[in-house]
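S.K.: give the three-dimensional model of this entry:
(chains A, B and C)
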Amino acid sequence: MPEARRNSTVPDARSAAPDEPAAPDGPGSPEVGSGLLCELDEDGERRGRPVPADDLVAAIAERELAGHVRWVWQAAVGLYPALARAGARVARCHDVALAEALLRARDGADPAADDASAQQPRLRPAGQPTLFEPDLFEPTQPGPRREPSQMLDALIEAHADQLRRIAADPDPVRFALLVAAESAGALASAEMSLTGLPWRSDVHDALLTEQLGPRPAGAAARPPKLAELARQISAAFGAGGDGGPGRHRARAATPVNPDSPAQLLKAFAADGIRLSSTRLAVLRDVDHPAVAPLLEYKELARLHSAFGWSWLDAWVSGGRFRPEYVVGGVVSGRWASRGGGALQIPRLLRRAVVAEPGWVLVVADAAQLEPRVLAALAGDRAFATAAAAGDLYAELAGAFGGDRAKAKVALLSAMYGGAGGEAGQLLAVLRRRFPAAAGYVEAAARAGEEGRVVRSVLGRTCPPPTAAWRALTADAVGPATRARGRFTRNFVVQASAADWALVMLVSLRARLWQIKSQNGPSELVFFQHDEVVVHCPAEAAGAVSAALTVAAEEATRLVFGPTQVAFPLHVAVVGCYADAK
DNA sequence: GGTCGGGGCGCG
DNA sequence: AAAGCGCGCCCCGACC
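M.R.: Presented below is the predicted three-dimensional model:
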């Protein structure tokens, strides 16, 4: 084993496969138990015989301490939460399932084919266990259990095959980085779920009471404030002063459920107001006495239903909010979440996110990330020069008559495919002054309209168009064609921004481990697309801030290589999340 | 009784 | 000011 660690920057020992898979989650999860390990070379070849480990947690911890190890396993999500609960921490891994998703997207496999029984012949000879059969590591599935050694063989073969396919990428270094970062992201997400975001239930409860009135006894009952607003809304319909057909009918007695768009549309129509929808943007311009209480109702009802007392009961325990993150859950590479709406927490509720006594929150968000990513991607000299400075939009304002707001609209329209209002005109300016930047997103849009796929800077591939889309767009350009163009146009930017943020996150994670503090280790507690929150002892705040800066610089260098585009972070050290920015 | 699509809105 | 992109989750109402 000693010679295996001679190069500390390259993964050298690759080990695999528990034979006693732990239950993936939940309280009362059994011990991780024993496992089977096999050391591998950098190219995935076996370096020795598989060795059993009676205590997998201990064996992993021991090898982790001994030096640089990259663990190879079928999926971190199936094993690492239990490992982490048992106290083990792993720096690096190769997540075969996440890697396979990236590779299949690249190679144009129809994702729907996974569901069919159609085999992927190139993956393995017939008769061998297929690593991606759903039951391989699922002891709950009926049928004979596979032998651990068979599972290990399948894993090692699949891993070696993946390394070959990664190496065959047009940009193998970047694609390997993507696989490594995606895998490390799975580790970080499991740790974040375990740690949880500090959450003050008392502050949350007080906020709800202030906004909604006292908590109602029944879960189904409306809080006092909502009940009163609902009454006002019902009363406002049919009670209008000036007449009109049917106006004299006593309709005020008919309750209108403000949660029902259909009932609202009907009630407005009865008062002579025909609406396309009951959306906020539409209602704002409507002159009717029901509108004011309705807008207030919508805002408060959302708070109550999505983040009210029952949310508090369900998701906060022991002073922490523990959401489940889904790595690979968004096509662009951003994380999704399952349960608790972790990535849609209303800004109002950030009041409840408070550091523990003696600790602080270090909140960092990447400023103007997406336009900066476009600048780095496109290699547009003039655009990149502007992106070297602090406020990108301000730097671009000169091209738009000195109007920063126009520069922003032009950029957002270019990245999102908007063309309404004066956007078209501003886009023309953008195209003239920054042809490479405009050309980059327009080429992506064209690819989408023609049914091709596009890739992020690290090589994440967007899903191919569906058969339904192909049928729909075979003959003529229509709304579906343009929608697909907007999707791929946005994908190259959003997914590349997600690449950068993910690399930044995992780089930060590694650096936080190096910070020693008497009062405990710094905790990564939240990650939302382009924003990260670290909970740390107050005396570690300086070191954490420095680690953030270095992580951002490393992400920029690894993802984009040499570029003059800057990716500044806004960093705030606060006691309460609401006080950041 | 359940499921599912749409409308709507929170976040980036 | 809103719009163009990506999500999750709530409620309603149609449907089985």
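
S.K.: flag every buried residue along the helix or strand containing A:Leu155.
M.R.: Here A:Leu155, judged by DSSP states H and E, is contained in helix A:148-167. Buried residues in helix A:148-167, counted by 16 or more other CB atoms under 10 Å: A:148, A:151-163, A:165-166. Every C-beta, even on glycine, is put in place using the N, C-alpha and C of the backbone.

S.K.: again, but for stretch A:81-92
M.R.: A:81-86, A:88, A:90, A:92.

S.K.: pLDDT of the helix holding A:Leu155, averaged?
M.R.: In this model, helix A:148-167 has an average pLDDT of 93.

S.K.: ok, then the element right after it?
M.R.: Next along from helix A:148-167, by DSSP H and E: helix A:172-195.

S.K.: ok, that following helix near DNA strand C or not?
M.R.: No - under the criterion of CB under 7 Å from any atom of the strand, helix A:172-195 makes no contact with DNA strand C; the nearest approach is 12.9 Å.

S.K.: ok so, going back, farthest-separated two in the buried residues of stretch A:81-92?
M.R.: Using CB to CB, the buried residues of stretch A:81-92 span at most 19.6 Å, a distance reached by A:Arg85 and A:Arg92.

S.K.: which non-adjacent residue is nearest A:Trp199?
M.R.: Counting by CB to CB, 6 or more residues apart in numbering, A:Trp199 lies nearest to A:Phe321, which is 4.2 Å off, once chain neighbours are set aside.

S.K.: can you count the residues close to that neighbour?
M.R.: 23 (other CB atoms under 10 Å).

S.K.: returning to that earlier point: relative to DNA strand B, which of the buried residues of stretch A:81-92 is nearest.
M.R.: A:Pro81 (24.2 Å; CB to the nearest atom of the strand).

S.K.: for the closest residue to DNA strand B within chain A, grab phi and psi.
M.R.: Of all residues in chain A, A:Ser277 sits closest to DNA strand B, at 3.0 Å by CB to the nearest atom of the strand. The phi/psi pair for A:Ser277 (degrees, to the nearest 10) reads phi -170, psi 180.

S.K.: quick check: it touching A:Pro261?
M.R.: Yes - with contacts counted by CB atoms under 8 Å, A:Ser277 reaches A:Pro261, the gap being 7.0 Å.

S.K.: what do those two both touch?
M.R.: Common contact partners of A:Ser277 and A:Pro261 (CB atoms under 8 Å, 6 or more residues apart in numbering): none.

S.K.: the residue nearest to A:Trp199 and A:Gly185: what is the separation?
M.R.: 20 Å (CB to CB, to the nearest Å).

S.K.: please apply the same query to A:Gly333.
M.R.: Per CB to CB, A:Gly333 is found 9 Å from A:Gly185.

S.K.: so what sits against both of these two?
M.R.: What both A:Gly333 and A:Gly185 touch, as defined by CB under 8 Å, 6+ apart, is the set A:Leu502.

S.K.: mind listing the strands for chain A?
M.R.: A:13-16, A:35-37, A:51-53, A:69-73, A:93-95, A:197-198, A:316-317, A:320-321, A:324-326, A:336-338, A:359-366, A:523-527, A:531-537, A:569-574 (DSSP state E).

S.K.: quick one: closest of the ones you listed to A:Ala555.
M.R.: Closest approach to A:Ala555 among the strands of chain A is made by strand A:359-366 (9.2 Å; CB to CB).

S.K.: the closest one pairs with which strands, and in what direction?
M.R.: strand A:531-537 (antiparallel), strand A:569-574 (antiparallel) (DSSP bridges).

S.K.: centre of the chain versus the first one, how much separation?
M.R.: Strand A:531-537 sits 17 Å away from the centroid of its parent chain (CA atoms, centre = their mean, to the nearest Å).

S.K.: from A:Ala480, how far off is the residue of the stretch 301-450 of chain A found nearest DNA strand C?
M.R.: Here the stretch 301-450 of chain A gets closest to DNA strand C at one residue, A:Tyr416, 2.9 Å apart by CB to the nearest atom of the strand. Relative to A:Ala480, A:Tyr416 is positioned 17 Å away (CB to CB).
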